[in-house]
Structures are given as structure tokens and as C-alpha cells.
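Asker: Sequence first, then the predicted structure, then my questions.
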Amino acid sequence: MKTQLALPTLLLTFAAMWSAPIHAAEADGRQLVEMPPEARAELRAEMLDFQTALHLIVGALAEQQFATAAEIGETKMGISAMGRHRNAAPNARPGMFMPNDMHAIARSMHTASSDFAKTAKSGDTSKALSSLSAVTGTCVACHRSYRIQ
């Protein structure tokens, strides 16, 4: 009986997976933030760098390398990482095109990352993960609210 139910369940799961992105794209209620291609490329590169940093942080925490996790959090995403685009040409500076609320979320992410770095240095995995959740929460808030294409 279990085998008979497994195939239909699997097929329904795949059907839902394939139909969801199409429906989601049609119903995308995020605010479009228009910016020149250069600024869009800079922002995308920065987001990919943040993804990489988060991956490295999680790996460091898994190995209980708290100092490494803290250093990555601060240098790659924290307050000390702000201003990455300050010397770029105006059309390549994403912040110039962000709505105020989007900019506020970005600043919150940098602050949360610096807070995470301080917390991670304590060596308490639970507290570090809780603090990291505040960082990823800002990522979710921004990516669920805004789009650039």
C-alpha cells in the first residue's frame, strides 16, 4: 500500500514544484527598483559575495571556529564592509537608486552582521546562531520586498 501511494505523492510533489515558480513569477508583488545595468551588476555581485560569506560562516560555526565566523561576519558583511561602492561611478552605485526603506534594510544587515561577529566571539553556538538569524532575517526582508529586474 505504501508503494502505491508513494508514486502519486511523488508526482504531485513534482507537479507542485514545476508549477510554483510560474505562478510565483506572475504574482510577484515585490517592488521593482530600477537602476542602471552597472548598478544592478554591482548589487548582484555583492549579494553573491554575501551568500558566499554566509556559507563560510555556517561552515565555521559547524566546526566551532567562532573567531573565523566572527571575522567573516564583520569583514565581509558587517559595518566595516559598508561603502563597497563609494568609489564607483555614480551609475554603478546601487545605493543611489534604492528606496529609503530598502537602504534601511541594507544598513540593518550590516549592523546585524557586526552584532553577530561580537556574539560569535563568545563561543556559544546557540547565541551565535540566534544572532546569525537576525542577519538572514534582513536578507529575507529585502529579497521578499524588492527586486531589481
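Answerer: Yep, that arrived.
Asker: Just after the worst-scoring helix or strand of the chain on mean pLDDT, pick out the following helix or strand.
Answerer: In the chain, the helix or strand scored least confidently by mean pLDDT, DSSP states H and E is helix 2-26, which has a mean of 51. Going down the chain from helix 2-26, the next helix or strand is strand 31-32, by DSSP states H and E.
Asker: Parallel or antiparallel, list what pairs with that following strand.
Answerer: Looking at strand 31-32 with DSSP bridges, its partner strands are strand 146-147 (parallel).
Asker: so what does the helix or strand where Ile105 lies touch, helix or strand wise?
Answerer: Using DSSP H and E, Ile105 falls within helix 100-120. In terms of contacts (3 or more Cβ pairs under 8 Å, 6 or more residues apart in numbering; DSSP states H and E), helix 100-120 is packed against helix 66-72, helix 125-145. (Glycine included, C-beta is placed from N, CA and C.)
Asker: Buried ones in the longest one, by neighbour count?
Answerer: Within helix 125-145, the residues that count as buried by 16 or more other Cβ atoms under 10 Å are Ala128, Ser131, Leu132, Ala134, Val135, Thr136, Thr138, Cys139, Ala141, Cys142.
Asker: who's in contact with it?
Answerer: When contacts are defined by Cβ atoms under 8 Å, 6 or more residues apart in numbering, helix 125-145 is touched by residues 30-31, 50, 54, 57-58, 61, 64, 66, 69, 73, 77, 101-102, 105-106, 108-109, 112-113, 115-116, 119-120, 122.
Asker: just the shortest one next, same as before
Answerer: Judged by Cβ under 8 Å, 6+ apart, the contacts made with helix 66-72 from elsewhere in the structure are 53, 56-57, 60-61, 116-118, 120-123, 128.
Asker: ok so, going back, and the contacts of the helix holding Ile105?
Answerer: 31, 33, 57, 61, 66-67, 69-71, 73-74, 76-82, 95, 98, 127-128, 130-132, 134-135, 137-139, 141-142, 145-146.
Asker: got the angle for it vs helix 125-145?
Answerer: 170 degrees (axes from the mean of the first three to the mean of the last three Cα atoms, to 10 degrees).
Asker: Lys121 and His103: what is the separation?
Answerer: Distance of Lys121 to His103, given as Cβ to Cβ, to the nearest Å: 28 Å.
Asker: ok so, going back, nearest to Arg40, of the helices and strands packed on helix 100-120?
Answerer: In terms of Cβ to Cβ, the element of the helices and strands packed on helix 100-120 nearest to Arg40 is helix 125-145, at 14.6 Å.
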